[in-house]
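> Sequence and predicted structure, then a few things I'm wondering about:
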Amino acid sequence: MFRDASLVAGKDLRIERRSRVTTQQIAPFAVLVLVLFAFALDPDRGVLGRASAGLFWLAVVFCTVLAVQRSAAVEVADKAGEGMRLAGLEPGGVFLGKAMAVAAQLALLEVLLGAGVVVLYGTHLHDPVVLVATAVLATVGLACAGTAYAAVAASLRVGNTLLPLLLLPVLAPVLLAATRAWEAGLAGVSSDAISWLELLAAFAVLYVAVGVVGYGTLQEES
Amino acid sequence: MEPLHPPDHIGPATGEPVVRLRSVVALLGGFPALAGADLTVERGDVVLLRGPNGAGKSTVLRVCAGLVPVARGEASVLGVDIVRDRTSVRRRVAMLGHAGFLYDDLTVRENVTFAVRAAGGDVATVAPALERLGVAGRLATTRVASLSAGQRRRTSLAALVARGAELWLLDEPHAGLDEDGRDLIDGVVRGATAAGATVVIASHDTDRATALSTRVLTVAGGMVSAEAVRVP
């Protein structure tokens, strides 16, 4: 399974490096979202500084929708995903590989967005350990849940437009927990982040398991 | 033309048919695309399935590849009961469908290499396959998105040749190819059978496909005709 995961992740990352969708479309979109938040919330009142954790993670969630949609789309074109099924790849390995590739792209985007909130919102990153731990756990959860739901949406005729409706409610716990953990980290009160990190870890474990076990069924239904 | 590299295992060990369908019903979106199809393909056969559009030719191939579930009836491919388990046979089957199973943003060589590695094959087979299908050299490093339809078809076929398989399922293999490309397909099919593989072709290009075939069957209304025409 891990051999298959590595093969699929390598293939997806190569496609992204070649097509530059992440760097030339999703990343500018992410920065644009941060800028629009700044327009919408008057920075003079200090609202941006207080809301920066939530705005950061909301932007990451939006990017997740785009990244998993793109990840599913490359398998739909020319029925390439069917080719993987014909090759006999382990479905759990395909799931892990696709989720790993999405996670790598999200990590890149989070670095960019992190720099964005520092520069645009004047946010100070007080507790990097909590911030990084939150980012790792949340990214795993977002990538795995997103990859699983993108496979569900791909099996539906109107899947592209339906995916955000399916996915955003599922990602709400990650948005909440990651925002609270980051607020604690930004305030330098790391003890307040622990319960939220536990929630993020539980979500990540749940969706890794759901994806590894259920992805084969999702593939066969698509 | 030299035989292809032989598949790891040739045919079912017990000597039973490579494909055996009995009263198979297969549903596509609730519609019976196959309505009681019977088909027997022996090892080394090159079987041509002919028939009008919508007759069920492609569905027969997809059932044999384990891509479409059997709703009723009995079905085994390469000795595997595909009614119970339709996934484990896939790695032993090579299919060329209407789609090419290619990634636009990967090069020809990357696509073929991925297909071979995904199927657990030896990547040393990639270069000879590219050469044989005429997509080596500059084309090998060209993104598939930049290729013509015929070159894409050759790339998909190169992936099959590099993978090798015991059962080849070819859906309209000559479509979109020029005369040289069609000759190339014929050579590949002959090479596959020389290496011990079995081939099932669905085609409208009956003149060319009939010349390749050892048996011709007609598919109509989701049924495969019991009458087989022996080709000399």
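Yes, it's here. Residues are numbered from 1 along each chain as shown, chains lettered A, B, ... in the order given.
> interface residues of chain A facing chain B?
Proximity of chain A to chain B is confined to A:4, A:7, A:11, A:14-15, A:18-19, A:74, A:77-80, A:82-89, A:216, A:220 under the rule C-beta under 8 Å from any C-beta of the partner chain. C-beta coordinates here come from the backbone N, C-alpha and C atoms, glycine included.
> Just the buried ones among these, please.
Using 16 or more other C-beta atoms under 10 Å in any protein chain shown as the burial test, the residues of chain A next to chain B include A:4, A:7, A:11, A:14-15, A:18-19, A:74, A:78-80, A:82-89, A:216 as buried.
> What are the boundaries of the helices in chain A?
Counting by DSSP state H, one finds helices in chain A at the ranges A:2-19, A:21, A:27-40, A:47-76, A:80-86, A:91-121, A:128-154, A:159-187, A:194-221.
> For the residue of chain A found nearest chain B, give me its contacts.
In chain A, the residue that lies nearest chain B is A:G83 (2.7 Å; C-beta to the nearest C-beta). By C-beta atoms under 8 Å, 6 or more residues apart in numbering or on different chains, the residues touching A:G83 are B:101-102, B:115, B:118.
> ok, now A:G211?
Counting by C-beta under 8 Å, 6+ apart, A:G211 touches A:92, A:95-96, A:99, A:144, A:147-148.
> A:S6 versus the nearest residue to B:A159 once chain neighbours are set aside, what's the distance?
Spatial nearest neighbour of B:A159, chain neighbours left out: B:A115 (3.9 Å); criterion: C-beta to C-beta, 6 or more residues apart in numbering or on different chains. Distance, B:A115 to A:S6, by C-beta to C-beta, to the nearest Å: 16 Å.
> same question, A:A181
According to C-beta to C-beta, A:A181 and A:S6 sit 30 Å apart.
> Those two: which has the busier surroundings?
Using other C-beta atoms under 10 Å in any protein chain shown as the criterion, A:A181 and A:S6 rank with A:A181 on top: 30 against 14.
> just checking, the more buried one touches A:V132?
No: look at A:A181 against A:V132 with C-beta atoms under 8 Å: they stay out of range, at 10.9 Å.
> and for these two, which residues touch both?
What both A:A181 and A:V132 touch, as defined by C-beta under 8 Å, 6+ apart, is an empty set.
> Point out the residues in chain B that sit beside chain A.
So far as C-beta under 8 Å from any C-beta goes, chain B lies against chain A at B:65, B:67, B:69, B:87-88, B:90-91, B:93-95, B:97, B:99-106, B:110, B:114-115, B:117-120, B:143, B:163.
> Just to be sure, which of those are found in helices?
Per DSSP H, the subset of these in helices is B:110, B:114-115, B:117-118, B:163.
> My understanding was that the residue nearest to B:A159 contacts A:A87; is that so?
Yes: shown here, B:A115 and A:A87 form a contact pair, counting by C-beta under 8 Å, at 6.4 Å.
> anything in contact with each of these two?
Common neighbours of B:A115 and A:A87, counting by C-beta under 8 Å, 6+ apart, are B:R163.
> Surely B:V199 forms part of a helix?
No: read with DSSP: H, G, I helix; E, B strand; the rest coil, B:V199 is strand and lies in no helix.
> Report the beta-bridge partners for it.
Under DSSP bridges, the beta-bridge partners of B:V199 are B:V46, B:W168.
> quick one: contacts for B:V188?
B:V188 is in contact with B:4, B:132-133, B:157, B:160-161, counting by C-beta under 8 Å, 6+ apart.
> go again using 7 Å as the cut-off
Neighbour list for B:V188: B:157, B:161 [criterion: C-beta atoms under 7 Å, 6 or more residues apart in numbering or on different chains].
> in what helix or strand does it lie?
helix B:179-194 (DSSP states H and E).
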